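1. Okay, here's the prediction I keep looking at, along with the sequence it came from:
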Amino acid sequence: MLKMSEENKDPGIPKARILKSQIQKSQPPGSKIPKTKIKICGLSRMEDIEAVNEACPDYCGFIINYPPSKRNISVDQLAELKKILRKEMKAVGVFVDAPAESVAKLLNEDLIDLAQLHGNEDETYIANLKKLTAKPLIKAVKVSTEEEVKKAFDTVADEVLLDHGKGTGKTFDWSILKAVPDHRYFLAGGLGTENIKEAIQIYHPAVIDLSSSVETDGKKDRKKILAAVKAVRDTGKTI
Ligand SMILES: O=C(O)c1ccccc1N[C@@H]1O[C@H](COP(=O)(O)O)[C@@H](O)[C@H]1O
């Protein structure tokens, strides 16, 4: 039976609700705010793990039990891939309307470090899942208007991910991000080496999340993964 951890009894404020200006005020003068991080999503093969082990992004994403995706993997495949994934990187399980109990099980067994909820999971679902695990939850939201972006942060999830869809390889209109200049979020959808710098310098996302642009013929491409991680690190912009 799953138990609530000590940490979960006092879940505190979700990271997504803490504004950048509040973080800056709490820093000693001259100290640096964390740099934008990078997540490479949709890993499915051993060679994908070898590539990320070399590039070392901050987060690695796995699409779990979602057959409509060409990046779908089973829990057994996840377990095999996880065995060789370097420990420095956080493993993110990406779910689409999966039963909360099965998501919590993978988190609590440490097969994944965070769960990304990328379907129609509502606040009741997320609140229920939070009772089953202390691990961080990311709510993914498809956005196309300023109103939708603002509403995305009205959540009990720990993190918010703003996306064009589900691994579409397309950007949404980033100008709507001006509606939430002070918020922390994962930015996804159509990001690649050609637009990473612009995204970081203008919008300062906490995490740049990409999948389609680091593929060739539908498979992850080692050189593209290395180039994307380098692009984020080289930009080196602080939020
Ligand atoms: O990539 C998928 O197939 C997918 C399936 C189900 C939910 C989310 C999915 N992908 C997410 O899309 C972004 C990356 O987008 P892009 O390909 O770079 O445009 C990332 O958050 C993935 O988790």
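-> Okay, I see it. Numbering: from 1, shown residues only.
2. Can you name the residues of the protein sitting close to the ligand?
-> 41-42, 61, 63, 66, 69, 71, 94, 96, 116, 118, 161, 163, 166-169, 188-191, 209-213 (CB under 6 Å from any ligand atom). For the C-beta atoms, the positions are set from N, CA and C on the backbone; glycine is no exception.
3. quick one: which of those sit in strands?
-> 61, 63, 94, 116, 161, 163, 188, 209-210 (DSSP state E).
4. If we only consider the residues you listed, which is nearest to residue 218?
-> When those are compared for distance to residue 218 (CB to CB), residue 63 wins out at 13.2 Å.
5. quick one: contacts for that closest one?
-> Each residue near residue 63 by CB atoms under 8 Å, 6 or more residues apart in numbering is listed here: 41-42, 44, 69, 71-73, 94, 167.
6. Let me know the pLDDT of it.
-> Note on residue 63: pLDDT of 98.
7. Then residue 127?
-> 98.
8. ditto for residue 22
-> 70.
9. let's have the chain start at 12 instead
-> Fine by me, first position is 12 from now on; the one you just mentioned is residue 33.
10. which SSE is it in?
-> Taking DSSP states H and E as the criterion, residue 33 maps to helix 31-37.
11. which residues does residue 146 contact?
-> By CB under 8 Å, 6+ apart, residue 146 lies in contact with 118-119, 123-126.
12. Report the buried members of those.
-> 118-119, 123, 125-126 (16 or more other CB atoms under 10 Å).
13. With distance to residue 29 as added columns, please give the residues you listed in a markdown table.
-> Shown next, in a markdown table, are the buried ones among the contacts of residue 146 (distance: CB to CB, whole Å):
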| residue | distance to residue 29 |
| --- | --- |
| 118 | 22 |
| 119 | 25 |
| 123 | 23 |
| 125 | 17 |
| 126 | 20 |
